[in-house]
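Student: build me a model:
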Amino acid sequence: MKMECSWPGNNHMMKLYHDKEWCVPATDDQYIFEMLTLEGAQAGLSWSIVLSKREAYQKAFHNFDISYCSTLSDKDLMNLKEQYNVIKHFAKLQSVRNNAQAVIKIQKEFESFSSFLWSYVDFKPIINQWNSDGQVPAQTSLSSQISKDLKKRGFKFVGPVTMYSFMQAIGMVDDHVTSCSHHSSNQERKIKENGF
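Tutor: Residues are numbered from 1 along each chain as shown. Modelled structure (predicted):
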């Protein structure tokens, strides 16, 4: 039996996220915006806290509809803060509107937010070869570059560490340990074994 990544622990939500979403390449702008929002919300908190509030975020922000989020007023955001089980940090909630507006500008310039981001890795995920979770970096020169570029475009809560987690979240990097059944090389092997 393969050794899976150890970071999800025994948390069911974390395991599900690890198995179904983490490091899986994503190109849908709405999903990418959701991940950007959740990773920004995580700053200073644990990912398990954010995941436990994910459903509330989805309800509050209409499943992360970018156009809807871009039009929210401070009063709207204050109401969402009071009505939903979201992280109560007001600047983080304001960043949802702010970042939605910045995404729309990028979409006009590059056709999609996805194209803009994936161009950093030449539209192919970086497949890392880590033997243990401890080897996975918290940030890289690329996550620093993306952070710098997004900040220039007016994004908030997009520091280099947040951006590296975000790159993992949308599959721009595969940081599953090599012994994990979800690592790209093992997925390929599985496909070959199944004769597809």
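Student: quick one: the strands in this structure?
Tutor: In the chain, the segments counted as strands under DSSP state E are 126-127, 173-174.
Student: winner for burial among these?
Tutor: Mean neighbour count (mean count of other CB atoms under 10 Å) peaks for strand 173-174 among the strands of the chain, with a mean of 23. Glycine gets a C-beta too; all of them are placed from N, C-alpha and C.
Student: by contact count, what packs against that one?
Tutor: strand 126-127 (3 or more CB pairs under 8 Å, 6 or more residues apart in numbering; DSSP states H and E).
Student: parallel or antiparallel, list what pairs with the strand it packs on.
Tutor: strand 173-174 (parallel) (DSSP bridges).
Student: any idea how far the strand it pairs with is from the chain center?
Tutor: Mean-position distance between strand 173-174 and its chain equals 12 Å (CA atoms, centre = their mean, to the nearest Å).
Student: and what of stretch 66-77?
Tutor: In terms of CA atoms, centre = their mean, the centre of stretch 66-77 is found 21 Å from the chain centre.
Student: return it as CSV; C-alpha atoms alone will do.
Tutor: C-alpha atoms of stretch 66-77 as CSV (Å, rounded to 0.1, in the frame of the first residue of the first chain):
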residue,chain,number,x,y,z
ILE,A,66,-17.1,36.8,-10.1
SER,A,67,-19.4,39.4,-11.6
TYR,A,68,-21.7,39.3,-8.5
CYS,A,69,-18.7,39.5,-6.1
SER,A,70,-17.3,42.5,-8.0
THR,A,71,-20.4,44.6,-7.2
LEU,A,72,-20.7,44.1,-3.5
SER,A,73,-20.8,47.2,-1.4
ASP,A,74,-19.2,47.5,2.1
LYS,A,75,-22.7,47.4,3.5
ASP,A,76,-23.4,44.1,1.6
LEU,A,77,-20.1,42.7,2.9
